[in-house]
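Build the 3D model from these lines:
(one chain, ligands or ions: 1)
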Amino acid sequence: HDSNDTQKVKLTGDEVAKHNSRESCWVIVQGRAYDVTEFLPEHPGGPKIILKYAGKDATEEFEPIHPPDTLDKYLDKSKHLGEVDMNTVKQEKKEEDPDEQERQERIRRMPILEQCYNLMDFEAVARKVMKKTAWAYYSSGADDEITLRENHNAFHKIWFRPRILQDVEHIDTSATMLGTKVDMPYYVTATALGKLGHPEGEVVLTRGAKKHNVIQMIPTLASCSFDEIIDAAEGDQVQWLQLYVNKNRDITKRIVEHAEKRGCKGLFITVDAPQLGRREKDMRSKFDDVGSNVQSSSGSEVDRSQGAARAISSFIDPALSWKDIPWFLSITKMPILLKGVQCVEDVIRAVEAGVHGVVLSNHGGRQLDFARSGIEVLAEVMPVLRERGWQDRIEIYIDGGVRRATDIIKALCLGAKGVGIGRPFLYAMSAYGLPGVDRAMQLLKDEMEMNMRLIGCSKISELNPTLIDTRGLGMHTAPVPRDTLGYNVYDPLIGPKEKSK
Ligand SMILES: Cc1cc2c(cc1C)[n+](S(=O)(=O)[O-])c1c(=O)[nH]c(=O)nc-1n2C[C@H](O)[C@H](O)[C@H](O)COP(=O)(O)O
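Numbers count the residues shown, from 1 in each chain. Now for the predicted structure:
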């Protein structure tokens, strides 16, 4: 034997299976066994989901939700029990998902990538081929999803006033964001749980962003570990960090300092989610056993069926406030921006607090329903900043419902530095992997060049408010979604019972 061939005796499936209760709970993840008995009450997703896999192989359920370094980071080494001989593990017969057969058939018949001509096409395909739980998590918005619809709908209320006879032979779509030169004025915004849509997760978006020289905002709640996403970047590729602030500020400080050390060029503190929104599609999907008693450690009863969102977010500090900003400014040299600002008063406060920018955003309609779209808030903010001569004091971004290059152009005409795009790249990745993300970014670039040419501008700096008519922006038609129960319940045909004569 060579020296390090210490053939440790591997655990058998039967040995692990004996520890299948609250009193003694072992699980297998990626071929290794872990004693999670004492961890059960601390699990953010509640003990239920772990107990469902007590004594069994939990790898498939574990991977999309947890970065790979989770157990090393949060489970004491003494609870790492070592390798399991996976040949001795009885693989659970997965409860046949009735839809799975049909879904596989839809995957066989899905359109080829070249049949996708715009970002909405990817959504249409993803809806058909994604696992139900993944589609539910990505697509859901809060409550009646009015804001989810309004985000894209709002762009339809802005019309162009194009100029003619401007030499538009050469179009330059490049821009600068937080000092970084990018090929297009958008970034891939932070969206959690990338492995729900694709087995490789967020690193697929990293590769797409590199190819198209745009910035990726790394989510706190990524499926991949932060370092995996940083390591997937190439050369001088720039990434930003999206931060959910932890109740335990030491953890937050460590995350921020590590991100700066690894080269992140912007810190985006999410401020619109002191509690994650109620996303009913997500709640209805299988995650309801994951989202169970998330606050069990504090003993407070919470709604047991809060879906993945609540399960993965119980660490977020609802006490975060303006008084925390000086501390953030003291712990990092990265530019600090607030993501999820939704009225001009808070933009003024952000300038006075000394942050470097804001993202006008309602979290993709996943938080407060009836929050206004980012583009509408932008139209409110910029005139006030211009009045004060503050339009260049901070960098203003918006996100939410950006699906066309004309949406990007409208935001830039109003004065945004750039826009964040979320779901379209998730759907492109989930349906077609990296080629999908690559095509989506290429389509956007082609649209951008054409629309800039038609509006009469050859470079980003020429985009200005005279090119758009925003009079319709304040009109809120709330398209009632047809899938709400309220709509289905109301039925004039079934009136009160005719009184029998
Ligand atoms: C689609 C999506 C968005 C999420 C997102 C997850 C998904 C699946 N998650 S969430 O789980 O907490 O809701 C995050 C997140 O981790 N942090 C965050 O700041 N924004 C999060 N957002 C919001 C995102 O950063 C943008 O604000 C939003 O996606 C922009 O709207 P579009 O999707 O229409 O482009």
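
can we go C-alpha only for contacts and neighbour counts from here?
Noted.

who in the stretch 401-501 of the chain is up against the ligand?
Within the stretch 401-501 of the chain, the positions adjacent to the ligand are Gly401, Val402, Ile421, Gly422, Arg423 by Cα under 6 Å from any ligand atom.

is it possible to export those to a markdown table including neighbour count?
A markdown table is the format used below for those (neighbours: other Cα atoms under 10 Å):
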| residue | neighbour count |
| --- | --- |
| Gly401 | 26 |
| Val402 | 26 |
| Ile421 | 23 |
| Gly422 | 20 |
| Arg423 | 23 |
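
And the nearest residue to Glu447 once chain neighbours are set aside, how far from Ser430?
Sequence neighbours aside, Ala405 is the residue nearest to Glu447 in space, at 5.6 Å (criterion: Cα to Cα, 6 or more residues apart in numbering). Per Cα to Cα, to the nearest Å, Ala405 is found 22 Å from Ser430.

So for those two, which sits in the more crowded spot?
Taking other Cα atoms under 10 Å, Ala405 and Ser430 do not tie; Ser430 has more neighbours (30 against 24).

what about the residue nearest to Asp57 when sequence neighbours are not counted, which helix or strand?
In space, and not counting its chain neighbours, Asp57 is closest to Ile28: 4.5 Å by Cα to Cα, 6+ apart. Using DSSP states H and E, the element containing Ile28 is strand 26-29.

So which residues make contact with that strand?
By Cα atoms under 8 Å, 6 or more residues apart in numbering, the residues outside strand 26-29 that reach it are 16-17, 19-20, 33-37, 50, 53-59, 62, 84.

what's downstream of the helix or strand Leu337 falls within, the next helix or strand?
Taking DSSP H and E as the criterion, Leu337 maps to strand 336-341. Counting by DSSP H and E, the next helix or strand C-terminal to strand 336-341 is helix 344-353.

Pick out the residue nearest the middle of this protein.
The residue lying closest to the centre of the chain (Cα atoms, centre = their mean) is Thr191, at 1.3 Å.

residues near Glu105, how many?
Glu105 has 12 neighbours, counted by other Cα under 10 Å.

Pull up the gap between it and Asp99, please.
10 Å.

and the nearest residue to Gly420 once chain neighbours are set aside, backbone torsions?
The spatially closest residue to Gly420, leaving aside those adjacent along the chain, is Asp399, at 4.6 Å (Cα to Cα, 6+ apart). The phi and psi values for Asp399, taken as degrees, to the nearest 10, are phi -150, psi 170.

List the residues that contact Asp399.
By Cα under 8 Å, 6+ apart, the neighbours of Asp399 are Val359, Leu360, Ser361, Asn362, His363, Gly364, Gly374, Ile375, Val419, Gly420, Ile421.

want to try a markdown table for those, with secondary structure and pLDDT as columns?
Shown next, in a markdown table, are the contacts of Asp399 (DSSP: H, G, I helix; E, B strand; the rest coil; pLDDT from 0 to 100):
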| residue | secondary structure | pLDDT |
| --- | --- | --- |
| Val359 | strand | 99 |
| Leu360 | strand | 98 |
| Ser361 | coil | 98 |
| Asn362 | coil | 98 |
| His363 | coil | 98 |
| Gly364 | coil | 98 |
| Gly374 | helix | 98 |
| Ile375 | helix | 98 |
| Val419 | strand | 99 |
| Gly420 | strand | 99 |
| Ile421 | strand | 98 |
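
With distance to Tyr74 as added columns, please give those in a markdown table.
Formatted as a markdown table, the contacts of Asp399 follow (distance: Cα to Cα, whole Å):
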| residue | distance to Tyr74 |
| --- | --- |
| Val359 | 32 |
| Leu360 | 34 |
| Ser361 | 32 |
| Asn362 | 31 |
| His363 | 28 |
| Gly364 | 30 |
| Gly374 | 37 |
| Ile375 | 40 |
| Val419 | 35 |
| Gly420 | 32 |
| Ile421 | 32 |
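
Could you point out which of the residues you listed is nearest to Lys131?
Gly364 (20.7 Å; Cα to Cα).

The closest one contacts Gly400, doesn't it?
Yes - taking contacts as Cα atoms under 8 Å, Gly364 lies within contact range of Gly400: 4.8 Å.

how about TSV for the residues of the stretch 401-501 of the chain next to the ligand, with secondary structure added?
Listed next are those as TSV, based on DSSP: H, G, I helix; E, B strand; the rest coil:
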residue	secondary structure
Gly401	coil
Val402	coil
Ile421	strand
Gly422	coil
Arg423	helix
